[in-house]
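A.B. asks: Could you work out the structure for the sequence below:
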Amino acid sequence: MAANRSRPPSSARWPGIVSRAVALSLAGAIGLAGCGSAPDADDDGRVYFSESSSQAYEIGSSDAHVDQLDERVSFGSVADVLATPTGYFVADGLDPRIVLLDRNLDPVRIMGREGEGPGEYKFPSRLERAEDRILVLDGGNDRVAYLTLEGDFVDSQRFPGLASDIALHPELGLLVAGNAFPDHYLAQVTAQGDTAFGRIPEELRVDAGGLFRWPLDLVTVTADGVIHVLDADQLALVSFSPGGELASIVFLPREIRARELRSAQETEEAFGGPARVLGTQSVTTLRPLQDGRLFAEITAVRPDSAITKGLVLDLERLEAIPLGIPAGQEEQLRLRGGLYLDGLDRVVLTPRGSAGLETARIELLAGDR
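C.D. replies: Residues are numbered from 1 along each chain as shown. Purely as a prediction, here's the structure:
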């Protein structure tokens, strides 16, 4: 599939482009075959993560929930959820605001409303934590809001172009994944101006034939200062040093990647081709874990009907450990919605077709699968 990383027409605004989208959908999940745990490489030198055949994280039954129409807080939509030691920040995309919940999903505080002023939002879509700050990507206002861990508004910072994700680097400052610089994944946003960062490797570039495509790449930063980009077109993890040098390119497990790319192409064709589709997205979240690994949210159905909801990516072992729900569980259909990790022992879920939330425990299973 192709993508165009150029800027949209000058008249384009976030809400307007959303309304013109024929399909900005998740690439469908259509089967998944396991592979070994040894690093995988193509004849052309491509390196792949290998899906673990000896370990898997399993999601258990729900242990807390808040309904979409709970009288204490009614969500328009759940755009993102971010876990903190004391609770959860929730970005509501349709009723633009940020909601703070405690560990039992009881409402603590509601912050913001629709608008353009300080602490107001138009389309809050991503949440990130950096030390003692919570970052809110507000695409409708073309800015990032900074909050305290208690939810108090501190400041905001504008960014160029359309943004798909954000990260805060301890040395580089704000990094925005988007289409501000066509030959680069990221914009580095500082008080001195905006600078291109993370040049797209030549072998990963695609030609969209002049068509506008919605930016869908993801970005995160690990504790060692390395910047990681999930290339949405190639389904590859592209890593950079703080100096901007390319550190590595590792593709998602071969079978998963092939099926997701084929599914994205089928989705595009079903809606009338690339001229009528802004983009398809397979990986919806990329976040660092405390042990240095990364979590990529991606939904797929295995041949045994178990549902894979994400992959824990180990760049040292080049291993991808699946996180999922086994076949036959009563919750299976409800767990096809969004998923947000709370460490590696708990998860927050949005049941499919609902803007409610529920939490569940995670267990690490060992042995041949």
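A.B. asks: Of all residues in the chain, which one is nearest the centre?
C.D. replies: By CA atoms, centre = their mean, the chain has its centre lying nearest to Thr285, at 1.8 Å.
A.B. asks: Now do the strand ranked longest in the chain: which elements does it pack against?
C.D. replies: Across the chain, the longest stretch assigned as strand under DSSP state E is strand 55-66. Contact here means 3 or more CB pairs under 8 Å, 6 or more residues apart in numbering; DSSP states H and E; on that basis strand 55-66 packs against strand 319-325, strand 346-349, strand 357-366. The C-beta positions use only the backbone N, C-alpha and C, and glycine is treated the same way.
A.B. asks: The residue nearest to the centre of the chain looks like it's in a helix, true?
C.D. replies: No. Thr285 is assigned strand when assessed by DSSP: H, G, I helix; E, B strand; the rest coil, not a helix.
A.B. asks: so what's the nearest residue to it once chain neighbours are set aside up against?
C.D. replies: Residue nearest to Thr285 in three dimensions, not counting chain neighbours: Glu297, with 3.9 Å by CB to CB, 6 or more residues apart in numbering. Shown in contact with Glu297 (CB atoms under 8 Å, 6 or more residues apart in numbering): 283-286, 309-310, 338-339.
A.B. asks: Can you name the element that comes right after the helix or strand encompassing Glu297?
C.D. replies: For Glu297, the host element (DSSP states H and E) is strand 294-301. On the C-terminal side of strand 294-301, the closest following helix or strand by DSSP H and E is strand 307-314.
A.B. asks: now the longest strand of the chain, how far from the centre of its chain.
C.D. replies: 20 Å (CA atoms, centre = their mean, to the nearest Å).
A.B. asks: tell me the angle of whichever helix or strand comes after it relative to strand 357-366?
C.D. replies: Next helix or strand after strand 55-66 toward the C-terminus (DSSP H and E): strand 78-84. Interaxial angle, strand 78-84 versus strand 357-366 (axes from the mean of the first three to the mean of the last three CA atoms, to 10 degrees): 60 degrees.
A.B. asks: What are the buried residues along the top helix by length along the chain?
C.D. replies: Ranked by residue count, the top helix of the chain under DSSP state H comes out as helix 254-270. By 16 or more other CB atoms under 10 Å, the buried positions in helix 254-270 come out as 254-257, 259-261, 263-264, 267-268.
A.B. asks: before we move on, what about stretch 80-93?
C.D. replies: Residues of stretch 80-93 classed as buried: 80-83, 87-93 (neighbour count, 16+ other CB under 10 Å).
A.B. asks: Pick out the most distant pair among these.
C.D. replies: Gly87 and Gly93 (19.6 Å; CB to CB).
A.B. asks: Show the backbone phi and psi for Glu245.
C.D. replies: phi -70, psi 140 (degrees, to the nearest 10).
A.B. asks: That one: how many residues sit nearby?
C.D. replies: For Glu245, the neighbour count with other CB atoms under 10 Å is 10.
A.B. asks: next one: Glu71
C.D. replies: By other CB under 10 Å, neighbour count at Glu71 equals 6.
A.B. asks: And Asp183, by the same measure?
C.D. replies: For Asp183, using other CB under 10 Å, the count is 12.
A.B. asks: Tell me the pLDDT of it.
C.D. replies: Model confidence at Asp183, expressed as pLDDT, equals 96.
A.B. asks: Go through the host helix or strand of Val176 and flag the buried ones.
C.D. replies: Under the criterion of DSSP H and E, Val176 resides in strand 173-178. By 16+ other CB under 10 Å, the buried positions in strand 173-178 come out as 174-178.
A.B. asks: I'd like the C-alpha coordinates of it written as CSV, please.
C.D. replies: Provided in CSV are the C-alpha atoms of strand 173-178 (Å, rounded to 0.1, in the frame of the first residue of the first chain):
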residue,chain,number,x,y,z
GLY,A,173,12.0,17.9,23.7
LEU,A,174,8.7,17.3,21.9
LEU,A,175,8.7,14.8,19.0
VAL,A,176,5.6,14.7,16.7
ALA,A,177,4.9,11.9,14.3
GLY,A,178,3.1,13.3,11.3
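A.B. asks: got a list of contacts for that strand?
C.D. replies: Applying CB under 8 Å, 6+ apart, the set of residues contacting strand 173-178 is 135, 144, 157, 159-169, 185-190, 197, 215, 217-219, 221, 227, 229.
A.B. asks: before we move on, the earlier item: give the partner strands of the longest strand of the chain in its sheet and their orientations.
C.D. replies: Partners of strand 55-66 in the sheet, by DSSP bridges, are strand 319-325 (parallel), strand 357-366 (antiparallel).
A.B. asks: Give the bridge partners for the nearest residue to Leu105 once chain neighbours are set aside, please.
C.D. replies: Spatial nearest neighbour of Leu105, chain neighbours left out: Val66 (4.3 Å); criterion: CB to CB, 6+ apart. Beta-bridge partners for Val66, by DSSP bridges, are Leu357.
A.B. asks: quick one, what contacts Val66?
C.D. replies: Going by CB under 8 Å, 6+ apart, Val66 touches 73, 101, 105-107, 356-358.
A.B. asks: By neighbours, which of those residues wins?
C.D. replies: Going by other CB under 10 Å, Leu357 tops those with 28 neighbours.
A.B. asks: That one and Leu339 touch, don't they?
C.D. replies: No. Using CB atoms under 8 Å, Leu357 is not in contact with Leu339, being 11.0 Å away.
A.B. asks: Can you work out which residues contact both of these two?
C.D. replies: With CB under 8 Å, 6+ apart as the test, Leu357 and Leu339 both reach 348-350.
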